[in-house]
Structures are given as structure tokens and as C-alpha cells.
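In: build me a model from this:
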Amino acid sequence: MTLIDTHTHLDFPEFDSDRREVLAHSRELGVQRMVVLGVYQQNWQRLWDLVQTDESLFAAFGLHPVYLDDHRPADLRALGDWLTRLQGHRQLCAVGEIGLDYFLEHLDRAGQQQLFEAQLQLAVDFQLPALLHVRRSHAAVIATLKRIRVPRGGIIHAFAGSREEAREYIKLGFKLGLGGAATWPQALRMHKVLAQLPLDAVVLETDSPDMPPAMYPGQRNSPEHLPDICQALAEHMGIDPLSLAEASTRNARELFNW
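Out: Residues are numbered from 1 along each chain as shown. All right, here's what the predicted structure looks like:
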């Protein structure tokens, strides 16, 4: 089974003690490539330094909405500078993690929207996919994507929307990221949606070290868990795990031009 983890934060301190071992074991388990996403300006250099140590790692840079209060206007200019400097590098794969978060009520929605649109425009300008954080904000994200068309599409990270929202994203050229959250027994609504998703629209992810699957409760999530996540999701989708692995890997390769 060959897999691609399309969403990790392997640069986070949770992996500082055993990162090399995690990467090696993940590859042994078939996780061929892993995308590491930036969330604020201060972690971009650390992330890029990590990616440069391992040819199976790929970088995305962005300003995450959850850290809105920490971002500064200069950070957006810096993002443009990073993308300019690394344009065409084989290990630069996307703009992300960006998006809208309406779950955290203290975050200014107008400020989030402005930042989101500016970063989507960077994805357009640099011809890169966009990796999106969408939490209780599907309607606003879909409306924005209809106004700012991203030619290479992207991924809706940790998709937990309805079948109708899935259709809208797919029409806009986006893949749906599936991971640990959908493996939990209480995710009944998502289980129904999973069974209705077209295989050519899904990719697999872990969000390591966050969002552990049901079989590893309370543990640090890791790309090592992706085969088990694939197995659990395939059961809910009523398909063979190998079929899901092959489809998600093919979809990720097409999206990132690998």
C-alpha cells in the first residue's frame, strides 16, 4: 500500500525527540510522501530547514486563521517573498494552511476574510494549490472560492461538511482531505457522507500531531497512523482499503503535479 499524507505539521516540537525515526517508520509502512504546512511566519524557516533534510517531504507556506492576532501586515509581504524565492523548487507544493475559522468566536471575521483572500490571490499568482482550513465556515469559503478562482484547486483539510458542500468544492476543483476525525464512532453524519464521496475527489491526511484517529485515542498523531486511518475510512466507504489508498495517492499526485 502506497500512501501520501497531504497534511502534517512535522516541524512542531512534538516530534523533536524522534522525528527521524517517525519519518523512517512512516516510509516503511508505505507513506511515500508527506506535506508539511506552515501556519505563521515564525515557523517557515524551521519548516523549510526540515523539508531540506528529506526528499520525501514537501512544504506549503501560509498564515493560519487561528493565529490571526499574531499575524502582522509584513507577514503577508514576507509570504510573497518566500514564494518568489522558492518558485519552481520541487519541494514547494502549495499555499497553506490558510482559510476561515468561525468556531473560535474571538477571531475577527473581517480580518480573517481579508487575509484569506490575499493568500488565495497568491495561490493564483504563483500557480499553486491552496490547502484550506475550514471550520464552521463552509458557506463563506465556498462563496469566496467562487469569486477568486484558484486554477490548480487545492484541498479542504479535515473535510466535515455535507454532501452538498462536498459537491460545491469538487466543482471548484478542490479535493476533500479525510483523516482521523472521521474514524470516530460518534462521527455518524460524516460516515453517511463518506459513503457518497467520489473516489476521484478524496485525499488522505493525518494533521500530525493533532486529530488522532479512534484507534489511537489521546496519542500524538503521526503519518505512521495513515494506513490504519485508510483502513477505517475504507470500511465506512464500503470499499477495499487498497482502492482508497490507490485513489487518494493518485489524486494527490495529480493535484501537486508529482
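In: break down this protein into its strands, ranges please.
Out: Here the chain has its strands, by DSSP state E, at 3-8, 31-37, 57-61, 92-101, 130-135, 154-157, 174-178, 202-204.
In: which other residues reach the second one?
Out: Contact with strand 31-37 is made by 2-11, 23, 26, 47, 50-51, 56-60, 62, 93-94, 96-97, 131, 223-224, 226-227, 249, 252, 256, 258, as judged by C-beta atoms under 8 Å, 6 or more residues apart in numbering. All C-beta atoms are positioned from the backbone trio N, CA, C, and that covers glycine.
In: repeat that for 6 Å
Out: Outside strand 31-37, the residues that touch it by C-beta atoms under 6 Å, 6 or more residues apart in numbering are 2-6, 8, 10-11, 47, 56-60, 96-97, 131, 223, 226.
In: which among those residues count as buried?
Out: Among these, those scoring as buried are 3-6, 8, 10-11, 47, 56-60, 96-97, 131, 223, 226 (criterion: 16 or more other C-beta atoms under 10 Å).
In: dump the strands of the chain to CSV, plus distance to L242 and mean pLDDT.
Out: What follows is these, written out as CSV (distance: least, C-beta to C-beta, whole Å; pLDDT from 0 to 100):
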stretch, distance to L242, mean pLDDT
strand 3-8, 11, 99
strand 31-37, 15, 98
strand 57-61, 24, 98
strand 92-101, 25, 98
strand 130-135, 26, 98
strand 154-157, 22, 98
strand 174-178, 16, 98
strand 202-204, 13, 98
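In: of all those strands, which lies closest to A78?
Out: With C-beta to C-beta, the closest approach to A78 among these belongs to strand 57-61: 9.3 Å.
In: tell me which strands and helices that closest one is in contact with?
Out: The criterion is 3 or more C-beta pairs under 6 Å, 6 or more residues apart in numbering; DSSP states H and E, and the helices and strands that strand 57-61 contacts are strand 31-37, helix 44-51, strand 92-101.
In: which residues does the longest one contact?
Out: The set of residues external to strand 92-101 that reach it, using C-beta under 6 Å, 6+ apart, is 37, 39, 58-60, 62, 64-66, 86, 107, 112, 116, 119, 122-123, 128-135, 137, 140-141, 256.
In: list buried residues within those.
Out: Burial by neighbour count, 16+ other C-beta under 10 Å: within the contacts of strand 92-101 this picks out 37, 39, 58-60, 62, 64-66, 107, 112, 116, 119, 122-123, 128-135, 137, 140-141, 256.
In: gap between F61 and V51?
Out: Using C-beta to C-beta, to the nearest Å, F61 is found at 11 Å from V51.
In: compare these two (neighbour count), which wins?
Out: When F61 and V51 are compared on other C-beta atoms under 10 Å, the one with more neighbours turns out to be F61, at 28 against 23.
In: nearest spatial neighbour of that one, chain-adjacent residues omitted?
Out: Leaving out its chain neighbours, the residue that sits closest to F61 by C-beta to C-beta, 6 or more residues apart in numbering is G38, at 4.3 Å.
In: and the pLDDT for the one you found?
Out: According to the per-residue confidence, G38 scores 98 in pLDDT.
In: again, but for E235
Out: Confidence per residue is given as pLDDT, and for E235 that number is 96.
In: burial measure for it, as a count.
Out: By other C-beta under 10 Å, neighbour count at E235 equals 15.
In: tell me the contacts of Q41?
Out: 75, 78.
In: for D207, same thing?
Out: For D207, the contacting residues are 7, 179, by C-beta under 6 Å, 6+ apart.
In: can you show me the helices along this structure?
Out: Counting by DSSP state H, one finds helices in the chain at the ranges 19-28, 44-51, 73-86, 109-125, 138-147, 163-171, 188-194, 226-237, 241-256.
In: out of the ones you listed, flag the one nearest L204.
Out: Using C-beta to C-beta as the criterion, the shortest distance between L204 and these is 4.4 Å, found for helix 241-256.
In: that's all I had, so thanks and see you.
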